[in-house]
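> Compute the structure for the input listed below.
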Amino acid sequence: MKPSKNKPYTYTLILPGMLLYAVFFLVPSLFGGVLSFASIGRFSFSAIRFTGWTNYVNVLTDDYLSAAIRNSFVFAFATTLLKVGIGTALAVFLNRKLRTTNYLRTVAFLPAVLSTVAVGVFFTSAMHPTNGMINRFLHAVGLGAIAPDWLTDPHLAIYSLVGIETWKWSGFTMAIVLAGLQSISKDYYESADIEGASEWQQFRSITFPLVLPYFNNALIVNLIGGLKVFDLVQAVTQGGPGSATEVFGTLVFKSFGSGRLGEGAAASILLSLIVIAITLPTWKLIARKEVEL
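Numbers count the residues shown, from 1 in each chain. Just a heads-up that it's a prediction; the model follows:
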């Protein structure tokens, strides 16, 4: 077989991509893996001492680890269910032809483009127990007796963060599912109308099976984002009060911030393994039921 004349051109495109992948992913990953088995002085790489599994043992016996795992799972699963549920409902509703469809789509998607830090600062102020906008409104309408301490109550703080995250990213999920809805041919629905199928029957037998690949992508993206959350928690509660909102991301941040680089790397690798162990089977389970368009 004669060699393809396009191979030099193909290599020209592939090699820069491979180089960037190696520099920005492979090398840091390998360095992080080595670092997780080493002990290093505070931000000093002059004396690296390999300590085996010590960093992993320290992370797994950390007093805050159980709280971080519990909070990460609560946050990830609660936000995923809410964002996917609300996002799917918005996508179905805004897939209709309305006068304000484009405006409503923009309003729903707008929170996703806002800075997480800016959102965190806003809700930290809005959820203040005495001077916050939300509790002031509750007092104004005569519901001051039920005005909670949104971010200072150890039992409520993590769910307040769930609410903020859901508000911010439901529109992003809507955009993913809406793209799937708009890719479905109208012929399916015309045939279903001829057969006398109801709207619910059309959704169950046509819409949902055909939009399932997009639904699967939205589910996995939100699940990964929930397990890896850091910026929102750090901007709003910094893991407090106490360890009520401590998550894996803040645990890693505090390890690196205090100079325990090996423990921070070990915690990062553990987080990666947890994300893979949860999301990969979930993706495969749903992918088996996907229907090709």
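> Flag the shaky bits of this structure, pLDDT-wise.
Applying pLDDT under 70 to the chain picks out residues 1-11, 41-47, 290-293.
> Show me the helices in it, by range?
Ranges of helices in the chain, per DSSP state H, are 7-21, 27-35, 54-60, 65-93, 101-109, 116-126, 133-140, 157-182, 186-194, 199-202, 208-227, 231-236, 248-257, 261-287.
> Buried residues of the fifth one, list them for me.
For helix 101-109, the buried set under the neighbour-count rule, 16 or more other Cβ atoms under 10 Å, comprises Arg105, Ala108, Phe109. (C-beta placed from N, C-alpha, C; glycine too.)
> Over to the fourth one?
Of all the residues in helix 65-93, those buried under the rule 16+ other Cβ under 10 Å are 65, 67-69, 71-84, 86-88, 90-92.
> burial count for Val117?
Other residues near Val117 come to 13 when the count uses other Cβ atoms under 10 Å.
> repeat for Pro213
Around Pro213 there are 18 other residues, counting by other Cβ under 10 Å.
> is it true that it touches Ser183?
No - the pair Pro213 / Ser183 is not scored as a contact, 9.6 Å apart, by Cβ atoms under 8 Å.
> who touches the closest residue to Gln182 other than its chain neighbours in this structure?
Using Cβ to Cβ, 6 or more residues apart in numbering and skipping residues adjacent in sequence, the residue nearest Gln182 is Asn95, 6.8 Å away. When contacts are counted by Cβ atoms under 8 Å, 6 or more residues apart in numbering, Asn95 is found next to Leu178, Leu181, Gln182.
> And Asn95, its phi and psi?
Asn95 adopts backbone torsions of phi -80, psi 0, taken as degrees, to the nearest 10.
> Number the chain from 26, please
Understood, numbering begins at 26; the last thing we discussed is Asn120.
> now it: how far from Phe197?
Look at Asn120 and Phe197: by Cβ to Cβ, to the nearest Å, they are 16 Å apart.
> hang on, the earlier thing: can you tell me which of the buried residues of helix 126-134 is nearest Leu38?
Phe134 (32.7 Å; Cβ to Cβ).
> To what extent is the nearest residue to the closest one once chain neighbours are set aside buried, counted in neighbours?
The spatial neighbour of Phe134 that comes closest, neighbours along the chain excluded (Cβ to Cβ, 6+ apart), is Gly196 at 4.0 Å. A count of neighbours around Gly196, defined by other Cβ under 10 Å, yields 23.
> again, but for Trp78
By other Cβ under 10 Å, the residues close to Trp78 number 11.
> again with the one 3 residues further on
Around Tyr81 sit 19 other residues, with neighbours defined as other Cβ under 10 Å.
> circling back to that earlier point, can you say which of the contacts of Asn120 are buried?
Using 16+ other Cβ under 10 Å as the burial test, these include Leu203, Leu206 as buried.
> Looking at the contacts of Asn120, which is nearest Val254?
Checking the contacts of Asn120 against Val254 by Cβ to Cβ gives Leu203 as the nearest, at 24.3 Å.
> With the flanking residues excluded, which residue is spatially nearest to the closest one?
That would be Ala116: by Cβ to Cβ, 6+ apart, it lies 4.2 Å from Leu203.
> Contacts only, for that neighbour.
Taking Cβ under 8 Å, 6+ apart, we find Ala116 in contact with Thr198, Met199, Ala200, Val202, Leu203, Gly205, Leu206.
> now do Ile159
Contacts for Ile159 (Cβ under 8 Å, 6+ apart) come out as Ala151, Met152, Ala172, Trp175.
> For those, name the two members farthest from one another.
Across the contacts of Ile159, the longest distance by Cβ to Cβ is 12.5 Å; it joins Ala151 and Ala172.
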